[in-house]
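Enquirer: okay, sequence plus prediction incoming.
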Amino acid sequence: MSGTTGSTGATDATGTTGSTGAADSTGTTGSTQATDSTATTGSTQATDSTATTGSTQATDSTGAFPYKLVATDLDGTLLRSDETVSERTREALAAVTAAGAAHIVVTGRAVPWTRHILDDLGYRGLAVCGQGAQVYDAGEHRLLTAVTLDRQLAGLALAKIEAEVGPLLLAASRAGLDGEVLVSPGYRMMDGPLPVVPIRDAADLWSAPLNKLYVQHPTLSDDELAEVGTRVAGGLVGVTMAGAGIVELLPLGLSKATGLSLAARRLGVKAADTIAFGDMPNDIPMFAWAAHGVAMANAHTDLKAVADEVTSSNEEDGIAVVLERLLAQP
């Protein structure tokens, strides 16, 4: 990748070097450095007393389960449409953690839009949020790593995309544990309880550090907009489609695989020991990193094309279907 548009070499406070990252810049350097705020290395183990919802302590399995880490997306994957997790899926996750594996949530949502779900589930382990930008300790309610978007590069990328397709509708996710999501006029939000801050002037989007920028087009589909964004601005920012109406501009080189690899290193778990579940194109890098990728029946066709298998939908306990089968293997 181009050193002028954002090196992605994550700095760990322990002195080791990870695979991604970025320090927020107002645009003078374009560097994207993920800072690891803890002083321990390798296998930092977060013990979860509620095995159904977020154990991130990987141990030597005495059971039959063949993986040490189970990574699950949230929306469209672990969560049903009402943002709940079924009892069957909870029990399946409890069984794999009892067998010695760890469960980790890997979501495109930033921490402020994820925390209430994790708290409701009693999740106390690590979570990867913001498309890999944040590794969050749910038990201690603190960020362990954080990556921010270079706002000057994002502005240049936005200008290139708008030169190709015309004006875009914008929203932005601010960095930090309590970062707000700012929504400019015309941006279409899905119905639901997620809090947003409406703004009148789109210039206000750039006034503080950001995790990512959301873009919509009045007529182009999400896939079409993501394709144009990648083609004309892919050397400046990452572009991903994370759901209906959700096309995002990210720090260059950032993906769910970025955050998951950092979290897995803390747990002493390797990609070869990981099974991942997802439903959208933003899960493709995570599938490429993990040993086995499972797409939900409701998944985007691009993700199904690279998945190792397709399970039932999120409404039909697709995660549990696979975990129960693996647990039953001799």
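Expert: Received it, and whenever you're ready, just let me know what you need. Numbers count the residues shown, from 1 in each chain.
Enquirer: for the residue nearest to Ala271 when sequence neighbours are not counted, grab the count of nearby residues.
Expert: What sits nearest to Ala271 in space, not counting adjacent residues and going by C-beta to C-beta, 6 or more residues apart in numbering, is Trp289, at 5.2 Å. (Glycine included, C-beta is placed from N, CA and C.) Trp289: 20 surrounding residues under other C-beta atoms under 10 Å.
Enquirer: just checking, Trp289 touches Ala263?
Expert: No: assessed by C-beta atoms under 8 Å, Trp289 is found out of contact with Ala263, at 11.4 Å.
Enquirer: now for the helix or strand hosting Arg325, which elements pack on it?
Expert: Using DSSP states H and E, Arg325 sits within helix 318-328. On a contact count with 3 or more C-beta pairs under 8 Å, 6 or more residues apart in numbering; DSSP states H and E, helix 318-328 meets helix 87-98, strand 274-278, strand 292-295.
Enquirer: what about Ala271, how many residues nearby?
Expert: With other C-beta under 10 Å as criterion, Ala271 counts 16.
Enquirer: dump the residue contacts of it.
Expert: The contact partners of Ala271, by C-beta atoms under 8 Å, 6 or more residues apart in numbering, come to 261, 264, 289-291.
Enquirer: and what of Ser86?
Expert: 80, 317, 320.
Enquirer: one more: Asp119?
Expert: Ala138.
Enquirer: packing partners for the lengthiest helix in the chain?
Expert: Selection of the longest helix in the chain by residue count, based on DSSP state H, yields helix 151-165. Applying 3+ C-beta pairs under 8 Å, 6+ apart, one finds that helix 151-165 contacts strand 210-216, helix 222-233, strand 237-243, strand 246-251.
Enquirer: which residues are contacting the shortest one?
Expert: So the one you mean is strand 246-251. Contacts for strand 246-251 (C-beta under 8 Å, 6+ apart): 6, 8, 22, 32, 108, 131, 133, 147-150, 154, 157-158, 212-216, 222, 225-226, 229, 233, 237-242, 282.
Enquirer: same thing but at 7 Å, please
Expert: 6, 22, 32, 131, 147, 149-150, 154, 157, 212-216, 222, 225-226, 229, 237-242 (C-beta atoms under 7 Å, 6 or more residues apart in numbering).
Enquirer: one more: the third one?
Expert: Strand 237-243 has contacts (C-beta under 7 Å, 6+ apart) with 75-76, 108, 131, 153-154, 157, 222-223, 226, 229-230, 233, 247-255, 280-282.
Enquirer: repeat that with 8 Å
Expert: 6, 75-76, 108, 131, 149, 153-154, 157, 222-223, 226, 229-230, 233, 247-255, 280-282, 300.
Enquirer: relative to helix 222-233, how tilted is that strand?
Expert: Taking axes from the mean of the first three to the mean of the last three C-alpha atoms, to 10 degrees, one finds strand 237-243 and helix 222-233 inclined to each other by 180 degrees.
Enquirer: please pick the buried ones from the contacts of Ser86.
Expert: Among the contacts of Ser86, those classed as buried by 16 or more other C-beta atoms under 10 Å are 80, 317, 320.
Enquirer: got those residues as TSV, with distance to Arg174 and pLDDT columns?
Expert: Formatted as TSV, the buried ones among the contacts of Ser86 follow (distance: C-beta to C-beta, whole Å; pLDDT from 0 to 100):
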residue	distance to Arg174	pLDDT
Arg80	29	96
Asp317	35	98
Ala320	35	98
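Enquirer: any idea how far Ile275 is from the residue nearest to Ala271?
Expert: As judged by C-beta to C-beta, to the nearest Å, Trp289 and Ile275 stand 11 Å apart.
Enquirer: buried among the contacts of strand 246-251? Make that a ChimeraX selection.
Expert: Burial among the contacts of strand 246-251 is assessed by 16+ other C-beta under 10 Å; the matching ChimeraX selection reads:
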select :6,22,32,131,147,149,150,154,157,212,213,214,215,216,222,225,226,229,237,238,239,240,241,242
